[in-house]
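A.B. asks: How does the following fold in three dimensions:
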Amino acid sequence: MPEAQVRLRPTTEADLPDYVEWLNDPEVTQFTHIEGPLTLEDEREWFQRVSGPDSRTRNWGIEADGRHIGNCALMPDESREIAGFGIIIGDKTQWGKGYGTAALREVLRIGFEEMGLQRIHLTALGGNTRGLRCYENCGFRHEGVRRRHFLKRGRWEDVVCMGILRQEWEEGELGLTPGVEWQNCLDALSPQPGEVIVDAGCGDGLPALFIASRVAPSGRVIGIEVNEERVEKAVERIAARGMQAIASVQCGDIRSLPLPDDSADAWLCRETLEYLEDPMLALSEAIRVVRPGGRVVANEADWDTLVYNATHKAAERRFVAVHTDHGGGGSADGRTGRKLLSLFREAGLADVRLEVHANWSDKYSPDEDYVCWPLREGHVRRGCLTQEELDVWYADMSAQARRGRYFHCFSYFICVGRVT
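C.D. replies: Have a look, this model is predicted:
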């Protein structure tokens, strides 16, 4: 389905009757901070105020197919580097067609590319699920909730605070927007411009690009990957982005890094320690190559926490046990996540802290990673479970999906420590 197209043009006085109509419609304003009634004179006063020579506000009318359907604005602060954002699609016949998202994407381009903003932020009422989804899809991140902060029609509502940074927008334009789990890892790693960071077990190079965009232009990311095919793909991916001066990937073992002592500012390892018989060997190497004061970060799942909305409890327990004990990709220990805290402490790292996150989905697909491990890894052939056990499991999951009841969830752990 093609993306919706809109045109943003400066708000004019001729738009004001539309605003009066929209802003006096309770359905249009149900998720806004606006409370009517508003008159045409009210809107004229507002227009004179925001269009005056001292105003920093940029207001646009939103048009779709030549029709005026809404309004949006950026409101820069005194520094002119940070701006608030607001939007309303007043024409109810145009709801649900993607015009709000299209308008927001264009505002972000104008704000970051033309106005030189460093940050754009907004607030939304907690019940505005459609708006929140739009903001998330455009790259805004949740920054906090002001609980019961706004009285709307006799009811106290939560106010959700969201924001997006110029760097995050640029990454999204390059197709480098990380998923939630990767974003949590990047937050824990906190890469800074100019730093040298080791990406241990870097896979196909996409993680290295996430980090490279944060340490640019003078920093470096050194990826280490044991699989030669993945190394080749990573090199191609980095070259396609033109980031060879910042990111590199080489074939190697993270238990014996081809790097000198104290040569990096940080070390990151994601979903790799579980494949090692002795993860402490990798942590010892991390401590060797990271300078004193530098960070060591690891992210691992704990597959024993995997749960499904299954009707056949025995089949669920058997499936989870097989994955934990035998691994989706041959892991040595499917319970590594719960051991990270003690591993970091035993390695002698300082200021160790642990984060616990949940990864869940209600979308079912037989090809999805969290359902198809036994098929892909040949668990029946290897004798890990029988074909009958597997058939019972998939029949149950398929039936739950048909009823709209499919659900899975597991925990993953991020541990951070400082080299002394």
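A.B. asks: C-alpha only now, for contacts and for neighbours.
C.D. replies: OK.
A.B. asks: Show me the helices in this structure, by range?
C.D. replies: 16-23, 40-50, 99-109, 129-137, 166-173, 180-189, 206-215, 228-240, 279-289, 313-326, 340-346, 369-377, 387-402 (DSSP state H).
A.B. asks: Where does the prediction get shaky in this structure?
C.D. replies: For the chain, the stretches with pLDDT under 70 are 1-2, 174-178, 327-330, 368-369, 373-377.
A.B. asks: Can you list the strands that the longest strand along the chain pairs with?
C.D. replies: Looking across the chain with DSSP state E, the single longest strand is strand 290-308. Based on DSSP bridges, the strands next to strand 290-308 in the sheet, each with its direction, are strand 264-270 (parallel), strand 408-418 (antiparallel).
A.B. asks: now the last one against helix 180-189, angle please.
C.D. replies: Put simply, strand 408-418 runs at 10 degrees to helix 180-189, going by axes from the mean of the first three to the mean of the last three C-alpha atoms, to 10 degrees.
A.B. asks: still on that earlier bit, can you tell me which of the strands paired with strand 290-308 is nearest to R147?
C.D. replies: Using C-alpha to C-alpha as the measure, strand 408-418 is the one of the strands paired with strand 290-308 that comes nearest R147, at 26.6 Å.
A.B. asks: Could I get the CA-only coordinates of that closest one as CSV?
C.D. replies: Output for strand 408-418, consisting of C-alpha atoms alone and laid out as CSV, is shown next (Å, rounded to 0.1, in the frame of the first residue of the first chain):
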residue,chain,number,x,y,z
HIS,A,408,4.7,-15.5,23.8
CYS,A,409,7.0,-13.7,26.1
PHE,A,410,10.5,-14.1,27.5
SER,A,411,13.0,-12.1,29.6
TYR,A,412,16.3,-10.8,28.5
PHE,A,413,19.0,-9.3,30.7
ILE,A,414,21.5,-6.5,30.1
CYS,A,415,24.5,-6.3,32.5
VAL,A,416,26.9,-3.3,32.7
GLY,A,417,30.2,-3.1,34.5
ARG,A,418,33.2,-0.8,34.7
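A.B. asks: what's the neighbour count on the nearest residue to C384 once chain neighbours are set aside?
C.D. replies: The spatial neighbour of C384 that comes closest, neighbours along the chain excluded (C-alpha to C-alpha, 6 or more residues apart in numbering), is V322 at 6.6 Å. V322: 20 surrounding residues under other C-alpha atoms under 10 Å.
A.B. asks: what do you get for L125?
C.D. replies: There are 23 residues near L125, going by other C-alpha under 10 Å.
A.B. asks: That one reaches W156, doesn't it?
C.D. replies: No. Using C-alpha atoms under 8 Å, L125 is not in contact with W156, being 10.0 Å away.
A.B. asks: For the residue nearest to N128 when sequence neighbours are not counted, grab phi and psi.
C.D. replies: Across the structure, with C-alpha to C-alpha, 6+ apart as the measure, the residue nearest N128 apart from its sequence neighbours is F31 (5.8 Å). Here the main-chain torsion angles of F31 (degrees, to the nearest 10) amount to phi -110, psi 20.
A.B. asks: just to revisit the earlier point, would you mind finding the most buried of the helices of the chain?
C.D. replies: Mean neighbour counts were compared across these using mean count of other C-alpha atoms under 10 Å; the top stretch is helix 206-215, at a mean of 23.
A.B. asks: tell me the angle that helix makes with helix 180-189.
C.D. replies: Computed by the same axes, to 10 degrees, the angle separating helix 206-215 from helix 180-189 equals 40 degrees.
A.B. asks: what does helix 206-215 rub up against?
C.D. replies: 167, 171, 176-178, 186, 191-196, 199, 202, 219-223, 234, 237-238, 243, 246-248 (C-alpha atoms under 8 Å, 6 or more residues apart in numbering).
A.B. asks: likewise stretch 230-249?
C.D. replies: The contact list for stretch 230-249 (C-alpha under 8 Å, 6+ apart) reads 202-206, 208-209, 212, 216-225, 250-251.
A.B. asks: what about 6 Å?
C.D. replies: Counting by C-alpha atoms under 6 Å, 6 or more residues apart in numbering, stretch 230-249 makes contact with G203, D204, G205, R220, V221, I222, G223, I224, all of which sit outside it.
A.B. asks: Now, these that are in strands?
C.D. replies: R220, V221, I222, G223, I224.
A.B. asks: In contact with the second one, which residues are there?
C.D. replies: Applying C-alpha under 6 Å, 6+ apart to V221 gives the contacts V196, I197, V198, A212, A247.
A.B. asks: Kindly recompute the last result at 7 Å.
C.D. replies: Residues touching V221, when contacts are defined by C-alpha atoms under 7 Å, 6 or more residues apart in numbering, comprise V196, I197, V198, D199, A208, I211, A212, I246, A247, S248.
A.B. asks: can you check the first one too?
C.D. replies: When the contact criterion is C-alpha under 7 Å, 6+ apart, the partners of R220 are E195, V196, I197, A212, I246, A247.
A.B. asks: again, only using 6 Å
C.D. replies: For R220, the residues meeting the contact criterion (C-alpha under 6 Å, 6+ apart) are V196, I246, A247.
A.B. asks: returning to what we had before: out of the strands paired with strand 290-308, flag the one nearest G84.
C.D. replies: Distances from G84 to each of the strands paired with strand 290-308 were compared using C-alpha to C-alpha; the shortest belongs to strand 408-418, at 32.3 Å.
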